[in-house]
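In: Whatever this is, show me its structure:
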Amino acid sequence: MILIPILLLLVAEVADVQAASGLVFPQSNCKIKCLNGGMCAFSFENPAIHSCICLMGVYEGDRCQYQVGDDPAKRKKIEQEAEEQRRIEEARARERQALDAQRQREHEWRRNEEAQAVERQRQIESRNQQDEELRRQEQQRVQPSNGGFDVSPAEKARQIEMKRREEEIRRYEAERKRIEGERAAELAQRAKAEEQRREMEREYQRQRQQQEEEAVRRREEETQRRQQQDEQRRQDDEMRRNDARQKEEQQRQQQEQLQREREQNTREEPASNGIQKADDSELKEEDMEPDSPSEYWDYKSNEAEKPKEEEEYWKEKSDTDESAGAGWDQTSVSENVDEEVASETTTQEAEHVEPKDPMTKLIEEAARKTAEEHDIVLTEDDDDHSDDYWDHSPPRRDDQVKDSTNIVDPEDDYHEEASKSDDDDSKDDNKREEEKADGWMMEERDKEPDSSSSLHYICLLATTFYILF
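Out: Residues are numbered from 1 along each chain as shown. You can find the predicted model right below:
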């Protein structure tokens, strides 16, 4: 009774939406099947025709949609959820199929094992039957011997049965061990294959990790190398800039120094147009002042040190000649000894030669005879002219020697012009005498004939004659 008003209300609502339809009451009398909340309705025009309607929406196909006019985004989301649900169901179905296949394989394996066990049992029973048949036949053939002790048939049957059982147990154990061995070998092979697969996978992962670490290390080294190159390049640039600044500063200081010196010299010059005579020290500083202190050359100090330098040079040369001539033959050694004795005579080192040396006596005798034949007067060496050995210029007359004593240095043109402008000849002579005393005028030594060169020439001739004849 309560359902009747509810159905009437529903019919009224449906009549508002669809005035030409009504609900079938009871719904079980519906000629069609409505799903998903659909209600069976009839048409007032033709009550025999039934259809499905949705009280809260629109009926499409076999689904009753309770919301009318869904937006596309929501409908797409519903479709995606349905698709996802379908994929999940398919995955579950595949898993179920895989499990069913696994169960089927296991079932087949167990069935095969059972069949094999049944077959083995049948074979064992068959062999037992054969053994029993053989035992009975053997018992029938056994006959007791005359005068001997015969075993009872029961004992024989017991022994045969025991042997049969032992043989059966032995065969069963052998078969069991064979099956267990096959299973163990199969399991070991599977475990070995799985271990190899895992080892290969670990090796691949290890190589990949090493490659990644190597790549990272190379990138870090490259970055560090570039940073070091940039730092070195920056330091080099800084050093070059500092050197350039120092050079510029030095050049600027030198230019300032030169400029100050020029200004000082300009201030010190007299205002008169005539030539101002300078004293010896000022002339020496102005004329002989070098461009740099390292290029300073003092004529007097050079003249004083020149004999020592020449003496050291010729002494080193003689030592070198003595060491280089150590490998000569006997003839070359004799010649070197003679030349060395002659040079020692010219350089006042004759005291080192022993007076009783036969070679020295022979050389002196040969020199004396040669001098007598050529009318040559032998004289002692003069200590003041010991270096004339190296002067081979011809002898000059007294007038030539007198003219050559006054040789003016080219740098003294300025002094000569200054002396011409001066009317006082006595002052000019005094100035020249002072310059000679200070070393500004070079005086050439008289080249007189020296007996040292003649003596050396005679010694060479005597040595040659002695070696040849």
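
In: drop to CA atoms for contacts and neighbour counts, all remaining ones
Out: Fine.

In: Straight-line length of stretch 27-35, end to end?
Out: One end of stretch 27-35 to the other measures 12 Å (CA to CA, to the nearest Å).

In: helices or strands up against the helix or strand harbouring R111?
Out: Using DSSP states H and E, R111 maps to helix 72-141. Using 3 or more CA pairs under 8 Å, 6 or more residues apart in numbering; DSSP states H and E as the contact test, the elements touching helix 72-141 are helix 153-268.

In: ok and the helix it packs on relative to helix 72-141, angle-wise?
Out: 140 degrees (axes from the mean of the first three to the mean of the last three CA atoms, to 10 degrees).

In: Show me what helix 153-268 is packed against.
Out: Against helix 153-268 (3+ CA pairs under 8 Å, 6+ apart) you get helix 72-141.

In: how about I49, phi and psi?
Out: phi -100, psi 120 (degrees, to the nearest 10).

In: My read is that it contacts C40, right?
Out: No - the pair I49 / C40 is not scored as a contact, 10.3 Å apart, by CA atoms under 8 Å.

In: neighbour count winner among these two?
Out: C40 (25 against 13; other CA atoms under 10 Å).

In: sec struct for that one, please.
Out: strand (DSSP: H, G, I helix; E, B strand; the rest coil).

In: cool, and A48?
Out: Going by three-state DSSP: A48 is coil.

In: Can you give me the distance of it to L55?
Out: From A48 to L55 the distance is 21 Å (CA to CA).

In: and these two? which has more neighbours close in?
Out: L55 (18 against 10).

In: Just to be sure, that one is in a helix?
Out: No - under three-state DSSP, L55 sits outside any helix and is assigned coil.

In: Please tell me I have it right and it contacts M39.
Out: Yes - in this structure L55 lies within contact range of M39 using CA under 8 Å: 7.4 Å.

In: Give the intersection of the neighbour lists for the two.
Out: By CA atoms under 8 Å, 6 or more residues apart in numbering, L55 and M39 have no common neighbours.

In: What residue spans form the domains of the chain?
Out: The record's domain parsing of the chain by automatic domain parsing lists 3-65, 331-405+444-468.

In: Those: lowest mean pLDDT?
Out: Mean pLDDT is lowest for domain 331-405+444-468 among those, at a mean of 59.

In: Would you mind writing the CA trace of stretch 189-204 as CSV?
Out: The C-alpha coordinates for stretch 189-204 follow below in CSV (Å, rounded to 0.1, in the frame of the first residue of the first chain):
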residue,chain,number,x,y,z
GLN,A,189,72.2,-26.2,-14.7
ARG,A,190,69.4,-23.8,-14.1
ALA,A,191,71.2,-22.3,-11.1
LYS,A,192,74.4,-22.0,-13.2
ALA,A,193,72.6,-20.3,-16.0
GLU,A,194,70.9,-17.9,-13.5
GLU,A,195,74.3,-17.1,-11.9
GLN,A,196,75.8,-16.4,-15.3
ARG,A,197,73.0,-14.1,-16.2
ARG,A,198,73.4,-12.2,-12.9
GLU,A,199,77.2,-12.1,-13.3
MET,A,200,76.8,-10.7,-16.8
GLU,A,201,74.3,-8.1,-15.5
ARG,A,202,76.7,-7.1,-12.6
GLU,A,203,79.6,-6.9,-15.1
TYR,A,204,77.6,-4.7,-17.4
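
In: mean confidence for that stretch?
Out: 88.

In: Ok, stretch 112-124 next?
Out: For stretch 112-124, the mean confidence score works out to 85.

In: buried residues in it?
Out: I124 (16 or more other CA atoms under 10 Å).

In: Alpha carbons of that stretch, in CSV - could you do that?
Out: Only the C-alpha atoms of stretch 112-124 are listed here, as CSV (Å, rounded to 0.1, in the frame of the first residue of the first chain):
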residue,chain,number,x,y,z
ASN,A,112,53.9,-37.3,-16.0
GLU,A,113,55.7,-38.1,-12.8
GLU,A,114,52.8,-40.1,-11.6
ALA,A,115,52.5,-41.9,-14.8
GLN,A,116,56.2,-42.7,-14.8
ALA,A,117,55.9,-43.8,-11.2
VAL,A,118,53.0,-46.0,-12.1
GLU,A,119,54.9,-47.4,-15.0
ARG,A,120,57.9,-48.1,-12.8
GLN,A,121,55.6,-49.8,-10.3
ARG,A,122,54.1,-51.8,-13.1
GLN,A,123,57.5,-52.8,-14.3
ILE,A,124,58.5,-53.8,-10.8
